[in-house]
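*Asks:* can't give you the sequence, but here's the structure:
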Ligand code: F6R
């Protein structure tokens, strides 16, 4: 959701900024823009739509050594060329790109900017005009930026060019991700490591309300009060090739097929020298000693949390509640004396989760983040972090992060208290193998997608117990990339109203991986079939019947969602492919949702 990138150094900046923007595409955007400082002029090019549009309309003769770029996901003002970033102050001295939302923009316009003519509908323009106003009042550029930061309410990651100093890139951050990248003879900023990974893998984390002054030789970090902050950089364990598609037609397919590898990687990351499961004892003890575990997450990560609850309650006998992050503040449960809050977030940047994290930290509770991104906001701000080790996930629809979340949760639950004596590593090894065999069957899933889904307006996934939670994720995958309206439904609940929607040919996909629900779910399949539904069953081999469409080799029932999600991910993939949808970048969606 919006991305920024900036560079100051010795190379032609155009290529570097465009490359950074392309790496940020996965976050979701509807327009893009670039500013290049070129011989005391600031050249700007911005366009609605894809970065390829920007490439086409750019003046090839422009070059410079300082530049900023932006991908915009519209919040204030429709997605069009005028509202795209960069934005400039009235005199054009300052040029700025912004991620985030300024909540008090109206108030600031009235207080400081009466008489200024605004050219866009964005909140961002207020920021750049304020900087110019404070400089006009006699403040230095640095002071004016920090002064502006102190006036802003809301979230921002900013990159700023002052046309009177073409050697310096300014930046600032509050509640929106920003990293600084350190190079040899150049330095960069970006919304995430991916934007800079082709050039450097050494990064500085930037905290909220920090201000940066960057030249080709130095990165200076300051507090909002102007005090210098000394911080060690860190080396990211990703490289540029992790972010490439290779021979795959889409990132989503690559990421689906990486899942067996990710499961094995997780086992190696969470094992000791003897090959036994290992997780930082402090984390294990925090879960063991809490009265109740609260899992806070959104979307796919929330669905992984629902499976995690089953692990904590069935394997470790630990009472667990799973709550959608954006609902937590309004419906805060009555908390016991010693709760533990676990945040599940692939990106580690989701604003809804962060709002809860800030709240529960204020209340003095312990926190743990489960994330794929080392150094992300939720990771930095929680007491402890467990990493997913899934490698960068670029497709907007989450696949390998979901299964990685479930795998890590199963290991954590078994470390806390393995009351059912499940050999998690043995079962996960079986899962990884089964995932591979399921991936080998993808041509079949394509046929099913063609037969059942492509021409449908709507679809149901039904299941009970664990299968129901799996169905929630399976339906989210299908709807978000193919735009077929899909509901994941508790199979037994259908007859209490929703069955009215079943008509001739409505696809209903049933998932059966649990012995205790097999017969009941099969009755529900009959109910919809007699009302005209086109039914299809995904089942475990030992529970399967001859007519079942997709049969999964027997795996442990508790871990079965890890296998059963594979055909569902492919069904979504092929439905979207056959409908001609933009699989990796579905409409209206962003990978990293940094607004509440
Ligand atoms: C769907 C999807 C989203 C995310 C959700 C939370 O495929 O990816 O539903 O799961 O936006 O994002 P994270 O996990 O980054 O907090």
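*Replies:* Thanks, I have it. Quantities reported herein were computed from a predicted structural model and do not represent experimental measurements.

*Asks:* what sits against whatever residue of the chain ends up closest to the ligand?
*Replies:* When scored by CB to the nearest ligand atom, the chain has residue 299 as its residue closest to the ligand, at 1.9 Å. Placement of C-beta: from N, CA and C, glycine included. Taking CB atoms under 8 Å, 6 or more residues apart in numbering, we find residue 299 in contact with 398, 476.

*Asks:* now do 7 Å
*Replies:* Applying CB atoms under 7 Å, 6 or more residues apart in numbering to residue 299 gives the contacts residue 476.

*Asks:* With residue 92 instead?
*Replies:* Applying CB under 7 Å, 6+ apart, one finds that residue 92 lies in contact with 42, 163.

*Asks:* Distance of it relative to residue 458?
*Replies:* Per CB to CB, to the nearest Å, residue 92 is found 51 Å from residue 458.

*Asks:* Likewise for residue 368?
*Replies:* To residue 458, residue 368 is 38 Å away according to CB to CB.

*Asks:* Which one's more surrounded, those two?
*Replies:* residue 368 (23 against 14; other CB atoms under 10 Å).

*Asks:* Make sure the more buried one is indeed in a strand.
*Replies:* Yes - counting by DSSP: H, G, I helix; E, B strand; the rest coil, residue 368 is located in a strand.

*Asks:* That one is in contact with residue 285, isn't it?
*Replies:* No - counting by CB atoms under 7 Å, residue 368 sits too far from residue 285 to count as a contact (11.4 Å).

*Asks:* Please name the residues that touch the closest residue to residue 438 other than its chain neighbours.
*Replies:* Spatial nearest neighbour of residue 438, excluding adjacent residues (CB to CB, 6 or more residues apart in numbering): residue 566 at 4.1 Å. Listed by CB under 7 Å, 6+ apart, the contact set of residue 566 reads 256, 259, 435, 438, 439.

*Asks:* repeat for residue 397
*Replies:* Residues in contact with residue 397 (CB under 7 Å, 6+ apart) are 252, 477, 480, 481, 586.

*Asks:* Just the helices from the stretch 101-250 of the chain, written as ranges.
*Replies:* Remark: helices assigned in the stretch 101-250 of the chain by DSSP state H, counting those that start in this stretch are 105-112, 124-136, 141-151.

*Asks:* any chance of the contacts of residue 566 in a markdown table, with neighbour count too?
*Replies:* Below are the contacts of residue 566 laid out as a markdown table (neighbours: other CB atoms under 10 Å):
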| residue | neighbour count |
| --- | --- |
| 256 | 26 |
| 259 | 28 |
| 435 | 25 |
| 438 | 24 |
| 439 | 19 |
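
*Asks:* Just the mean pLDDT for whichever strand or helix holds residue 294, thanks.
*Replies:* Using DSSP states H and E, residue 294 falls within strand 292-297. In this model, strand 292-297 has a mean pLDDT of 98.

*Asks:* Just give me how far that strand sits from the chain centre.
*Replies:* Relative to the chain's own centre, strand 292-297 is displaced by 19 Å; criterion: CA atoms, centre = their mean, to the nearest Å.

*Asks:* what do you get for stretch 567-584?
*Replies:* Averaging C-alpha positions (CA atoms, centre = their mean) puts stretch 567-584 19 Å from its chain's average.

*Asks:* I'd like the average pLDDT over it.
*Replies:* Here the average pLDDT along stretch 567-584 is 97.

*Asks:* just to revisit the earlier point, how far does the helix or strand just after the strand holding residue 294 sit from the chain's center?
*Replies:* Downstream of strand 292-297, the first helix or strand assigned by DSSP H and E is helix 299-314. Chain-centre distance of helix 299-314: 18 Å, with CA atoms, centre = their mean.

*Asks:* repeat for stretch 109-117
*Replies:* The mean C-alpha position of stretch 109-117 is separated from the chain mean by 36 Å, CA atoms, centre = their mean.

*Asks:* Residues in contact with that stretch: which ones?
*Replies:* 90, 126, 129, 130, 133.

*Asks:* How is this structure divided into domains?
*Replies:* Annotated domains of the chain cover 3-241, 245-439, 441-596 [automatic domain parsing].

*Asks:* Identify the residues contacting stretch 421-437?
*Replies:* 259-260, 263-264, 267, 277, 315, 407, 410-411, 414, 552-553, 555-556, 558-559, 562-563, 566.

*Asks:* out of those, which are inside helices?
*Replies:* 259, 260, 263, 264, 267, 407, 410, 411, 414, 562, 563, 566 (DSSP state H).

*Asks:* and those as TSV, adding distance to the ligand?
*Replies:* Listed next are the ones in helices among the contacts of stretch 421-437 as TSV, based on distance: CB to the nearest ligand atom, whole Å:
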residue	distance to the ligand
259	14
260	20
263	18
264	22
267	22
407	15
410	18
411	19
414	23
562	16
563	19
566	15
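
*Asks:* tell me the two of these that are most distant?
*Replies:* Within the ones in helices among the contacts of stretch 421-437, two members stand farthest from each other by CB to CB: 414 and 566, at 22.6 Å.

*Asks:* and the closest residue to residue 234 other than its chain neighbours, what are its bridge partners?
*Replies:* Closest residue to residue 234 apart from its sequence neighbours, by CB to CB, 6+ apart: residue 203 at 6.0 Å. Beta bridges link residue 203 to residue 181, residue 234, judged by DSSP bridges.

*Asks:* With residue 139 as the reference, measure out to residue 203.
*Replies:* For residue 203, the distance to residue 139 equals 30 Å [CB to CB].

*Asks:* and these two? which has more neighbours close in?
*Replies:* Neighbour comparison, residue 203 and residue 139: the larger count goes to residue 203, with 23 against 16 (by other CB under 10 Å).

*Asks:* in its sheet, what does the strand ranked longest in the chain sit against?
*Replies:* Longest strand of the chain, by residue count under DSSP state E: strand 165-174. Its sheet considered, strand 165-174 pairs with strand 156-162 (antiparallel), strand 210-214 (antiparallel) by DSSP bridges.

*Asks:* quick one: contacts of the last one?
*Replies:* Identification of contacts with strand 210-214 by CB under 7 Å, 6+ apart yields 8, 142, 145-146, 149, 168-173, 180, 187, 189, 206, 219-224, 229.
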